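K.L.:
Dropping the sequence and predicted coords here.
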Amino acid sequence: MIVAEQKPLQEIRRMISPYERVLILGCGTCMTVCDAGGEREVSFLHNALRLAQSKGGNEAHRFLEYTLKRQCESEFLETLVDKVGDVDAILSLGCGIGVQAIAERFPDTPVLPGVNTSFMGMSKEQGVWDERCAACGDCRLEDTAGICPITRCTKGILNGPCAGTKNGKCEANKDMDCAWVLIYKRLERLGQLEKMRRYYPMRNFRAIPRPKRLVRTPVGVGEDNG
Amino acid sequence: MYPSMYGNTHSYPAYRKETATRERSFIPPCQAACPLHMDIREYVDLVAQGRIMEALQVIRSGNPFPSICAYVCNHRCEDACRRSQVDKPIAIRALKRFALEFGGDRMVQVEAQTRHPEKVAIVGSGPAGMACAYYLRKLGYPAAIFEAHSELGGMLRVGIPRYRLPREVLDIEIQRLTQMGVEIRTSTRVVSLDLLFDMGYKAVFITIGAHQSLRMGIDGEESPGVVDGATFLREVNLGLKPSLGERIAVVGGGNVAIDAARTALRLGTHEVYILYRRSQAEMPADPAELEQTLQEGVRIQSLVTPTKIERQDGRLKVTCVRMELGEPDASGRRRPVPVEDSEFNEDFDTLITAIGQAPQTPGDFRVQIGRGSTIQVDPITLSTNRIGVFAGGDAVTGPATVVEALAAGRLAASRIDDYLEHRYPSVSKEEQETLVGDLLPETVEMIRKTGRLDAPLLPAEARIKEFEPIELVYDWETAVNEARRCLRCGMGAEILFQDKCATCLTCLRVCPYHVPHLDTKGTIQIPVDQCQACGVCVAECPAKAIVLRKPYDRRHVTEELDHVLKSATESKVSPLIIGFCCQYGLFGTGTLANLWRAAKAGIWIIPVLCIAKVEADHLLRAFEMGAEGVFVAGCGEQCARESTTSWVGHQVQKARKVLAEVGLEPNRLRMYVPSAADANPAEWLDRFVEQIGGLYLASVIMQEVKVDSR
């Protein structure tokens, strides 16, 4: 899941200052789960902005609230068509993808990012999220016992641990587990310690052209199906 | 999008709006068990909030004579109460009595207007007859009650002793009937129904009760000194004082036997025995009353039955035989079997037989009589074999309870209405579902145990001296605390909009009772039979997909806030301080009212049904609308949940962060949780007001400086 956090109120106020009518647009999927832009946060941000306005701001905004199921699909955005005409800007509480999808669908309306999209991760406990995947496109989790050294090792090294590990913690942050110690322990538990002896070649950093695109090609009629 | 899903509204927003305002709670077990179907959960909750007048309104809307039930109801609701799975059931009957006494039930006036010409005759003035008259008048029919005795009330008057139902309570209810325009004819025995029809009555309701005592069928039963329970109670209740002697016995194990034994004690008899053929555990009498009876000094001889009575020298020689319990009989209780050669003799001055009663219907009524001399009726319409003749109460069911008789009277009134209006009897169909299912052991474990607070009783020695009512009324605080024990079955949280739910699992993680769970399809379920309606998940749900099942609970905080903000703006007292205070418990007992100093200090209180229902949005809105300070005050240790404070703390913290960002001092927003019941919230509040006053003054000066410098 994509994890994000809401931008500071000051920054949001600065962004919206040129616009009178602002649509605060929530997203019902990842942003809801990570507490950054679900329907409740939309309503809370709305209240916070109104409070800010009543306490000494010179601006006079009018706000609209709405929450889509997913901002990153153009079909969901269709339901916004009759609302967009009434606003001067959209303050999106979707991740960076949602913001861009809106920009593509509504070329004439400014769209502002209300959250900082942070990482892909999972919730550790109520109110705590941890990064777990870097979307590197070259997954090695088979060799590392299901623990990703790209995200969980500060250096992101593939042949660890480095010399900086101490009592199972990382030299960069003594509260953080060393990913490679975790990998070692889990491999030991699985009886696959021999994987530690292998040398893993560098990842393929050869330019994968950005943006990446995935295309699912169907088997054509009449072709040799193998 | 999916038009077929949304019924007639055809639009998703309209569907949402309609769904959100609908009552979606389940009927709780107490209400389902009550023959009158009273909204018990509602009035118990109102008592818990200290809203006694409103509780009284709810009670009166479901019961024609609540003050009678408050004294003598056999409270099936308490037997069905799910709190007994945790510790002990809620003392519902005693709470009802509290609401009636403190809510001013004696002052309530009932009015009725005549809208129909058809007169209805009611034969018998017991609870069924009175209830029928009450509802017939409400429906607009002229009603007349015919009573054979000199006073109205039936068994309430001649059967139930005064210490259980004070006569002034009964008299007030009868007075209300007179006020409503019910025609009352006492000392009038109806011998023929034809005569009533000749007099112009269009329908007749027979509710003659079951006053005829059953006979034991043993030798010597006719001897002087042997009296049946119903006759004995009737004589005492109508003011006679029969001389019983020093040592008496009552035969039987039901409520009439208990009433007879306790009445005998109050008449000055020293030794009272109850002879019962089964063991004490099988006695059909109310267990609580049985216990009180034993406290008062009545002795029970169980597994004993009299077989012969002889009168010798002005006393009774009663031959008894001991019994033992054999195989279960049709009633499910074990059948008593005589033990051979176990006969023994006892001497008594009087023997009262109370082994059951039956109705005695005059033959001239020409109604069909069934098993146990009861009148046979259609159970749906209460009509007898004669056209226009209806019957109900003990005369139909055999000896039963007051509340069942009231229910029968109410049903009869609506069926008579159907009959006179030539309508097909409409069988009312319940729209709400009834809550079924027990609490899971896991849920029970998480519920804080609090003992049942019973209404105080007079001490046993004082009780037996006279016929004064033995049960006293709760004081305010005890009643509120007892009412707070209610688990609010069937009105908990639900995911109203499953399509909004992002399955983020927040509810599952925050629930103090571990109620929400994932089903095998990966959908979150909040089982209604386990939810305790605390509201934590409602405030925490990031998708706003969860709501409480009662529309009022959903709107409550927002509505109260709007209302207070409006009044506060009009009053113009500065600085304005708004407090979200728990309405239950400590605050329900009057502390809340003391904190309300709108006129003097500008403090406005928003009573909330547990502070867990306060959201950060509410706090910000208060500031936006001009509040200088806001506080949240919970009931602390009295709360049903330990984690409430921590969850509200999250909301407060979130709002404080925004305050700092917009340039307001975060300590303008405070949370206050009294650590003990005797802590004085007023002191704390005064300090807070002082602080806010200072901040307010500073902000006013700052503003003037700004204006000057321009």
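P.N.:
It's in. Model, not experiment: these values are computed from the prediction. Numbering: from 1, shown residues only, chains lettered A, B, ... in the order given.

K.L.:
Could you point out the longest helix of the chain?
P.N.:
The chain I'm using is chain A. What stands out as the longest helix in chain A, according to DSSP state H, is helix A:39-54.

K.L.:
oops, chain B please
P.N.:
In chain B, with assignment by DSSP H, the single longest helix is helix B:681-709.

K.L.:
Give me the distance from that helix to the chain's centre.
P.N.:
Here the centre of helix B:681-709 is set off from its chain's centre by 49 Å, with CA atoms, centre = their mean, to the nearest Å.

K.L.:
Also stretch B:200-208?
P.N.:
What separates the centre of stretch B:200-208 from the centre of its chain is 31 Å, taken as CA atoms, centre = their mean.

K.L.:
what is the rounded mean pLDDT of the longest helix of chain B?
P.N.:
For helix B:681-709, mean pLDDT rounds to 77.

K.L.:
the helices in the stretch 451-600 of chain B, which residues?
P.N.:
B:460-463, B:476-483, B:506-510, B:536-540, B:551-571, B:585-586, B:592-595, B:598-601 (DSSP state H, counting those that start in this stretch).

K.L.:
What are the buried residues along the helix or strand bottoming out on mean pLDDT in chain A?
P.N.:
Ranking every helix and strand in chain A by mean pLDDT, DSSP states H and E puts helix A:81-84 at the bottom, with a mean of 90. Residues of helix A:81-84 classed as buried by neighbour count (16 or more other CB atoms under 10 Å in any protein chain shown): A:V84. Bear in mind the C-beta positions are built from the backbone N, C-alpha and C, glycine included.

K.L.:
what sits up against the following helix or strand past that helix?
P.N.:
Tracing the chain C-terminally past helix A:81-84 and defining elements by DSSP states H and E, one meets strand A:89-92 next. By CB atoms under 8 Å, 6 or more residues apart in numbering or on different chains, the residues outside strand A:89-92 that reach it are A:12, A:15-16, A:18-19, A:21-25, A:27, A:37, A:71, A:84, A:98-99, A:102, A:106, A:109-114.

K.L.:
Among those residues, which ones are in helices?
P.N.:
If you go by DSSP H, these have A:I12, A:M15, A:I16, A:V84, A:G98, A:V99, A:I102 in helices.

K.L.:
which residues sit in contact with the fourth one?
P.N.:
Going by CB under 8 Å, 6+ apart, A:V84 touches A:L23, A:I90, A:F106, A:T109.

K.L.:
Run through who's touching the longest strand along chain B.
P.N.:
The single longest strand within chain B, with elements called by DSSP state E, is strand B:315-328. With CB under 8 Å, 6+ apart as the test, strand B:315-328 has contacts from B:220, B:223, B:225-226, B:245, B:249, B:275, B:277-279, B:282, B:303-311, B:334-339, B:342-351.

K.L.:
Pull out the buried residues from that strand.
P.N.:
Residues B:R315, B:L316, B:K317, B:V318, B:T319, B:C320, B:V321, B:R322, B:M323, B:L325 are the ones in strand B:315-328 that count as buried (16+ other CB under 10 Å).

K.L.:
same question, stretch A:6-24
P.N.:
A:Q6, A:K7, A:L9, A:I12, A:R13, A:M15, A:I16, A:Y19, A:V22, A:L23, A:I24.

K.L.:
Ok, stretch B:392-402 next?
P.N.:
For stretch B:392-402, burial by neighbour count (16+ other CB under 10 Å) applies to B:G392, B:G393, B:D394, B:A395, B:V396, B:T397, B:P399, B:A400, B:T401, B:V402.

K.L.:
now that stretch: mean pLDDT?
P.N.:
Taken as a whole, stretch B:392-402 has a mean pLDDT of 94.

K.L.:
Distance from the chain centre to that stretch, please.
P.N.:
Relative to the centre of its chain, stretch B:392-402 is centred 21 Å away, using CA atoms, centre = their mean.

K.L.:
so how far does it reach from one end to the other?
P.N.:
Taking CA to CA, to the nearest Å, the first and last residues of stretch B:392-402 lie 12 Å apart.

K.L.:
ok, and what's touching it?
P.N.:
For stretch B:392-402, contacts defined as CB under 8 Å, 6+ apart pick out B:35, B:68-69, B:72-74, B:124, B:126-129, B:132, B:155-156, B:205-210, B:254, B:256, B:356-359, B:361, B:372, B:374-377, B:382, B:404-405, B:408-409, B:411-412.

K.L.:
related to what we said a few turns ago, and the ones in helices among the contacts of strand A:89-92, which two are furthest apart?
P.N.:
Maximum pairwise distance in the ones in helices among the contacts of strand A:89-92, criterion CB to CB, is 19.4 Å, between A:I12 and A:V84.

K.L.:
Hmm, B:V169 is touching B:C69, no?
P.N.:
No: using CB atoms under 8 Å, B:V169 is not in contact with B:C69; the gap is 10.5 Å.

K.L.:
The two: who's more crowded?
P.N.:
Neighbour totals were compared for B:V169 and B:C69, and B:C69 leads with 25 against 22 (other CB atoms under 10 Å in any protein chain shown).
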